[in-house]
Structure formats: C-alpha cells, structure tokens
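In: no sequence on this one, just coordinates:
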C-alpha cells in the first residue's frame, strides 16, 4: 500500500472520545469510526461501540478494552473512595455517556 493510500485511509477513520460518568466517578474510552459518515452519525456509531464494539483505553487506540466492564474512578480521591474502582457494565454503558467528541 502506498503512502498516499495509507494517508487517505487514515483520514477516513475518525477517533471519538467518550466520557462515561456515574456518582461522581468518571472514565474516558476511545473508539474508531468510519470518517465518511456525517459527524452526527459518527457520534451515534461511537455510542453503539461502547456497548458491543471495539473500545480503547488510550487516545491512540492501541490499548483494547475487551472486558465486560468499563472502569471509572472518582475525580477527587477521598479516604472513603481511595483505591476504589467503579465498574460500569458495557451492556448499560449507553446510559452513562455524558460526552462525546470527535478528536481526529
């Protein structure tokens, strides 16, 4: 594959940042969506990916999350929540999405 083909292929893939939140605990995951879609459809597809598609722990989309749960953490660590990880089941994660943003 030539470099121009690779560049055009990479331009057709958009990365989406997805923020999920529950009871003050927040987590961020990322996904890759076909960039040929309109922006609104890219965000809709990203929401679907959270439940049963490929999601990643890092912005570069290299650390695949293949668990049934998304880990979220309290923003302000108090003694009550120190070291505590909240788990959101991926099958219900759609209900916990508070923000979506196309980042590339």
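Out: Arrived safely. Every value quoted in this text rests on a predicted model; they were computed, and no experiment measured them.

In: rest of the way, CA atoms for contacts and neighbours
Out: OK.

In: count the residues that sit near the spatially closest residue to residue 74 that is not a sequence neighbour.
Out: Closest residue in space to residue 74, ignoring its immediate chain neighbours: residue 25 at 4.0 Å, by CA to CA, 6 or more residues apart in numbering. In terms of burial, residue 25 registers 19 neighbours under the definition other CA atoms under 10 Å.

In: likewise residue 92?
Out: Residue 92 has 12 neighbouring residues, counting by other CA under 10 Å.

In: could you do residue 49 as well?
Out: Residue 49 is flanked by 18 other residues according to other CA under 10 Å.

In: what sits against it?
Out: Residue 49 makes contacts with 31, 55, as judged by CA atoms under 8 Å, 6 or more residues apart in numbering.

In: mind running it again at 10 Å?
Out: 30-33, 43, 55, 90, 94 (CA atoms under 10 Å, 6 or more residues apart in numbering).

In: SS state for it?
Out: helix (DSSP: H, G, I helix; E, B strand; the rest coil).

In: may I have the predicted confidence score for it?
Out: What the model reports as pLDDT for residue 49 is 94.

In: repeat that for residue 64.
Out: Each residue has a pLDDT score; the one for residue 64 is 97.

In: okay, now it: neighbour count?
Out: Each residue near residue 64 was counted by other CA under 10 Å, and the total is 14.

In: isn't residue 22 right up against residue 72?
Out: Yes - assessed by CA atoms under 10 Å, residue 22 is found in contact with residue 72 at 8.2 Å.

In: name the residues contacting each of these two.
Out: The contact sets of residue 22 and residue 72 overlap at 86-88 (CA under 10 Å, 6+ apart).
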